[in-house]
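**Q** Okay, here's the prediction I keep looking at, along with the sequence it came from:
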There are 2 protein chains.
Amino acid sequence: MKGAPTIPDWIALDWGTTHLRAWLMTADGSVIERRDCDKGMGGLSRDAFEPVLNDLLSDVITNTKLPVICCGMAGSRQGWAEAPYTPVPCVPPSASKATIVTSANWDVRILPGVKQNSPADVMRGEETQIAGFLASEPNFDGILCLPGTHSKWAHISAGEIISFRTFMTGELFALIGGQSVLRHSVSTNDWDQDAFDAALSDTLTRPADLAAKLFSLRAEGLLHNLSPAAARARLSAFLIGAELASAKPYWLGQQVVILGENTIALAYETALTAQGAMVHCVNAEQMTLAGLNAAFDSLQETKP
Amino acid sequence: MKGAPTIPDWIALDWGTTHLRAWLMTADGSVIERRDCDKGMGGLSRDAFEPVLNDLLSDVITNTKLPVICCGMAGSRQGWAEAPYTPVPCVPPSASKATIVTSANWDVRILPGVKQNSPADVMRGEETQIAGFLASEPNFDGILCLPGTHSKWAHISAGEIISFRTFMTGELFALIGGQSVLRHSVSTNDWDQDAFDAALSDTLTRPADLAAKLFSLRAEGLLHNLSPAAARARLSAFLIGAELASAKPYWLGQQVVILGENTIALAYETALTAQGAMVHCVNAEQMTLAGLNAAFDSLQETKP
């Protein structure tokens, strides 16, 4: 049940493909309340965004349109309003480059994504996490790893995103683990860390055997009673291992910070540490919020 | 509409996960009629197999139980009756090793699959295609490639399957092309052969970059208007290329025969020929039928 909250000074939004997260904020960057819903951009037509926001925030609509700073897929071509990509190398886009959306109740600014022309690549949302990280580590020079549905590796130097690369690792794990012939073999929430470690090491040595290794999970289940916990850990190791092998030029001998949520960040941290990389983790959602905060602050500074 | 056919001497069945194919056969191996339906093993409980067969062949049920020779997933643990795997190295299993099923109308024999303990691997159905190929090429020494949902590479020598390896290439293509974020990027039946050739060559040079290359299809569509025909051909090349890179010890410098259906066999033939392999194709369904025929013949020879 929603109470009668303090009216916020502004709203922070992370509007992704499957979820919408909103924070009711004070001007000094404190969170009054966090809300979320499953009305992601993927299921919304263009004219459905404003009603979803009105519904989620109905109790804080005021006569003065509150500022709303939004990152994520809401800014894609199929989203609420297109916020054109900024090309690398670039500082993470600030509110001055945002797309302003006309709305009855809100002063909405959608932050741009970032693009790279060659190799072709795009991000929407991660640039705001990167901005949030740089807000507290402005002199960071190294690699950010943002694991997830579409994992990103970004080279950061002098406050800029120099280059980045996206891997469909999380989406492949969900598809193969949930819908392929392997779905029964890996159907468990248990986890065999030894199986993960061994399979990761093996995959980094021979990263090209993915399609054969995948089927071996099924065959080992049939012939040698491979446990679902080991099969699931190995599936994860095959995919993360292939990503790490391919991303090696990013992390080898580099300082790496992982911006991720608990379980997945830990899997990457374990894997990278085993390869001798210098790694630590920070919470991805906190970085998103810090990035939206930085964008709000930049908006205040540029006001006449 | 079914007519009133000549009563066959026996029935050949290829009962896979998604389809059932039946041939009404004469004793000398001629096909009277071919029938099929979508009652694959994947959707059937154990007691549903016999009614499906009775339904498909209702007009040729006689007082004497006709011999039925069956290959494929109907012999799996979740199938009609388990036909235990024969371990490699082995000649493709003959009818003498078949599992006999008690049935009111039919004398059913389900051919065993083949297993390999290390690396763990299994086949069910392909061993019958291999038997069919060896029936006309008994002295073949080389490599058979059987592309499909689960592509197989088998080393054949002195009439035996020496070793084999399975790749989930076809299933990955269907999942990624049909259900991932790339589904819109590759949504076409058109095909860009130049894009396939270039992506295949690139993949064989750097086979480990799959997850990044996949996302690049989406990004190139967004940033550089990559056509769906080129994206679809590249997706195929990334997956087939990764399979060929991994299977290189099988085909390098070897005589390779592809047992496949038209489009997919041609893609493999083009790819392998570009790599300098000596390749030719034979029709997979004809090999299945030849293998079932050979099994029927072996049954006649062993009769008292």
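**A** Arrived safely.

**Q** how about the strands of the stretch 1-150 of chain A, start to end?
**A** For the stretch 1-150 of chain A, strands defined by DSSP state E, counting those that start in this stretch occupy the ranges A:10-15, A:20-25, A:31-37, A:66-71, A:86-87, A:99-101, A:106-110, A:114-116, A:121-123, A:142-146.

**Q** Return the set of buried residues in the last one.
**A** Think strand A:142-146. A:142-146 (16 or more other C-beta atoms under 10 Å in any protein chain shown). C-betas here are computed from N, CA, C, even on glycine.

**Q** So in that sheet, which strands flank that strand, and in what orientation?
**A** According to DSSP bridges, strand A:142-146 forms sheet pairs with strand A:151-157 (antiparallel), strand A:255-260 (parallel).

**Q** who's in contact with it?
**A** Strand A:142-146 is contacted from outside by A:126, A:129-130, A:133, A:151-156, A:247, A:250-251, A:254-260, A:268, A:272, A:284, using C-beta atoms under 8 Å, 6 or more residues apart in numbering or on different chains.

**Q** and the residue nearest to residue A:119 when sequence neighbours are not counted, what does it touch?
**A** Closest residue to residue A:119 apart from its sequence neighbours, by C-beta to C-beta, 6 or more residues apart in numbering or on different chains: residue B:216 at 5.7 Å. By C-beta under 8 Å, 6+ apart, the residues touching residue B:216 are A:119-121, A:166.

**Q** between the host helix or strand of residue B:216 and strand A:151-157, how many degrees?
**A** Following DSSP states H and E, one finds residue B:216 within helix B:210-224. Helix B:210-224 and strand A:151-157 meet at an angle of 70 degrees, taking axes from the mean of the first three to the mean of the last three C-alpha atoms, to 10 degrees as the criterion.

**Q** Could you check how far helix B:210-224 is from the centre of its chain?
**A** Its chain's C-alpha centre and that of helix B:210-224 lie 31 Å apart, by C-alpha atoms, centre = their mean, to the nearest Å.

**Q** next SSE after it?
**A** Per DSSP H and E, the first helix or strand lying C-terminal to helix B:210-224 is helix B:228-246.

**Q** what's that following helix packed up against?
**A** With contacts taken as 3 or more C-beta pairs under 8 Å, 6 or more residues apart in numbering or on different chains; DSSP states H and E, helix B:228-246 sits against helix A:210-224, helix B:169-179, helix B:193-205, helix B:210-224, helix B:262-274.

**Q** mind exporting the fourth one as CSV, just the C-alpha atoms?
**A** I take that to be helix B:210-224. Extracted in CSV, the C-alpha atoms of helix B:210-224 (Å, rounded to 0.1, in the frame of the first residue of the first chain):
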residue,chain,number,x,y,z
LEU,B,210,30.3,-16.0,-30.7
ALA,B,211,28.4,-14.1,-28.0
ALA,B,212,29.9,-10.8,-29.2
LYS,B,213,29.4,-11.5,-32.9
LEU,B,214,25.8,-12.3,-32.2
PHE,B,215,25.1,-9.0,-30.6
SER,B,216,26.9,-7.2,-33.4
LEU,B,217,24.1,-8.4,-35.7
ARG,B,218,21.7,-6.3,-33.7
ALA,B,219,24.0,-3.4,-33.4
GLU,B,220,24.8,-3.4,-37.2
GLY,B,221,21.1,-3.4,-37.9
LEU,B,222,20.6,-0.4,-35.7
LEU,B,223,23.6,1.6,-36.7
HIS,B,224,24.4,0.5,-40.3
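
**Q** Check which residues of it are buried.
**A** Buried-residue list, helix B:210-224, by 16+ other C-beta under 10 Å: B:210-223.

**Q** what about residue A:193, how many neighbours?
**A** Residues lying near residue A:193 (other C-beta atoms under 10 Å in any protein chain shown) number 12.

**Q** hang on, the earlier thing: in a markdown table, list the helices and strands packed on helix B:228-246 along with distance to residue A:195.
**A** Shown next, in a markdown table, are the helices and strands packed on helix B:228-246 (distance: least, C-beta to C-beta, whole Å):
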| stretch | distance to residue A:195 |
| --- | --- |
| helix A:210-224 | 10 |
| helix B:169-179 | 22 |
| helix B:193-205 | 28 |
| helix B:210-224 | 21 |
| helix B:262-274 | 33 |
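
**Q** who wins for proximity to residue B:103 among those?
**A** Comparison of the helices and strands packed on helix B:228-246 against residue B:103 by C-beta to C-beta identifies helix A:210-224 as nearest, at 25.9 Å.

**Q** and the angle for the closest one with helix B:228-246?
**A** Here helix A:210-224 runs at 60 degrees with respect to helix B:228-246, directions being taken by the same axes, to 10 degrees.

**Q** Taking their axis directions, helix A:210-224 and helix A:193-205 sit at what angle?
**A** Using the same axes, to 10 degrees, helix A:210-224 lies at 140 degrees relative to helix A:193-205.

**Q** returning to what we had before: what is the mean pLDDT for the helix holding residue B:216?
**A** For helix B:210-224, mean pLDDT rounds to 94.

**Q** Also stretch A:24-40?
**A** 96.

**Q** on that earlier part again, when you compare where the helix holding residue B:216 runs with where helix A:169-179 runs, what's the angle?
**A** 120 degrees.

**Q** So which of the helices and strands packed on helix B:228-246 is nearest residue B:60?
**A** Closest among the helices and strands packed on helix B:228-246, using C-beta to C-beta: helix B:262-274, at 30.0 Å.

**Q** elements contacting the closest one?
**A** Under the contact definition 3+ C-beta pairs under 8 Å, 6+ apart, helix B:262-274 sits against helix B:193-205, helix B:228-246, strand B:255-260, strand B:278-283.

**Q** so of the ones you listed, which one's packed in deepest?
**A** Compared across the helices and strands packed on helix B:262-274, helix B:228-246 shows the largest average neighbour count, a mean of 25 (mean count of other C-beta atoms under 10 Å in any protein chain shown).

**Q** Quick check: what element follows that one along the chain?
**A** helix B:248-251.

**Q** related to what we said a few turns ago, any of the contacts of strand A:142-146 buried? List them.
**A** When the contacts of strand A:142-146 are checked for burial by 16+ other C-beta under 10 Å, the buried set is A:126, A:129-130, A:133, A:151-156, A:247, A:250-251, A:256-260, A:268, A:272, A:284.

**Q** next one: the strand or helix carrying residue A:298 to chain centre, how far?
**A** In the assignment (DSSP H and E), residue A:298 maps to helix A:284-301. Mean-position distance between helix A:284-301 and its chain equals 15 Å (C-alpha atoms, centre = their mean).

**Q** Over to stretch A:171-186?
**A** With C-alpha atoms, centre = their mean, you get 21 Å for stretch A:171-186.

**Q** Nothing else from me, thank you.
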